[in-house]
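>>> Fold the following.
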Amino acid sequence: MAGRPAAVLPAGVEPAELPADAIEIGRIADAWGIKGWFKVLPHSASPEALFSSKRWYLLPAEKGAKTFAGTVLLRVREAKEHSGTIVATAQEVDDRSGAEALRGARIFVPRSSFPTASEDEYYWVDLIGLAVVNREGVALGTVKELLSTGPQTVLVIEYEADGKPQERMVPFVSVYVDKVDLPAKTITVDWQPDY
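Presented below is the predicted three-dimensional model:
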């Protein structure tokens, strides 16, 4: 059974060290056009970090064909929205075969290169791991993840009860969330343990 030949990384793509504060923000889906552009699938509905960072660190796909090993640095020329998708081009990629070689690659950028969030706006990655307490000071657990339910985001909070891990969910809206204190690594909510 003949498969596709392994793609060769474009000339100029260089091995790199993944920054300590690197966050995975998307992956490369496929080549787009013949001039080295590629489609990007962001992990966020608001992919500002993809647009603001000009240096993407790529790791090979976790599953499927791996066209390269280790971490490589990609210098992004342009990333933009186009017909409901995101497309990008990089200095090192100038034809379709170069873009195809990146298929499936996971995109990381340093957290330090994210645009500054507005007041009362937070990146999900900054909320994961924060302790959640209610107005009475009762510890409700730690933010394990966030879920987008359409109209609102929900904090998934992990805690232990009777020696077993449990989860509770609190809508991440101002009615229930009193304060997010990133330096203190806490979120104060109007929520009771028995809700």
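>>> who's in contact with the residue nearest to Gly33 when sequence neighbours are not counted?
Of all residues not flanking Gly33 in the chain, Arg96 sits nearest, at 7.1 Å (CB to CB, 6 or more residues apart in numbering). All C-beta spots, glycine's among them, are computed from the backbone N, C-alpha and C. By CB atoms under 8 Å, 6 or more residues apart in numbering, the contact set of Arg96 is 31, 33-36.
>>> What of Glu17?
Thr71.
>>> Local confidence estimate at the residue nearest to Gly33?
What the model reports for Arg96 is a pLDDT of 94.
>>> Could you chop the chain up by domain?
14-113, 124-189 (automatic domain parsing).
>>> Show me how far the last one is from its chain's centre.
The chain centroid and the centroid of domain 124-189 are separated by 19 Å, computed with CA atoms, centre = their mean, to the nearest Å.
>>> Endpoints of it, how far apart?
17 Å (CA to CA, to the nearest Å).
>>> Quick one: mean pLDDT for it?
The predicted model assigns domain 124-189 a mean pLDDT of 93.
>>> Give the helix, strand or coil label for the residue nearest the centre of the chain.
Closest residue to the average C-alpha location of the chain: Ile25 at 2.9 Å, with CA atoms, centre = their mean. Of the three states, Ile25 takes strand according to DSSP: H, G, I helix; E, B strand; the rest coil.
>>> Check the gap between the nearest residue to it once chain neighbours are set aside and Ala69 for me.
Spatial nearest neighbour of Ile25, excluding adjacent residues (CB to CB, 6+ apart): Ala49 at 5.1 Å. Noted for Ala49: a distance of 25 Å to Ala69, by CB to CB, to the nearest Å.
>>> ok, now Phe51?
Taking CB to CB, one finds Phe51 at 28 Å from Ala69.
>>> what do you get for Lys35?
Lys35 is 27 Å from Ala69, by CB to CB.
>>> all helices of this structure, in order?
Counting by DSSP state H, one finds helices in the chain at the ranges 48-52, 96-100, 124-127.
>>> if we can go back for a sec, so between Ala49 and Ala69, which is more surrounded?
Set Ala49 next to Ala69 and count neighbours by other CB atoms under 10 Å: Ala49 wins out with 23 against 10.
>>> Dihedrals phi and psi, Phe68?
The phi/psi pair for Phe68 (degrees, to the nearest 10) reads phi -160, psi 170.
>>> before we move on, the earlier item: what is the nearest of the contacts of Arg96 to Leu74?
Lowest distance from Leu74 to the contacts of Arg96 (CB to CB) belongs to Gly36, with 11.3 Å.
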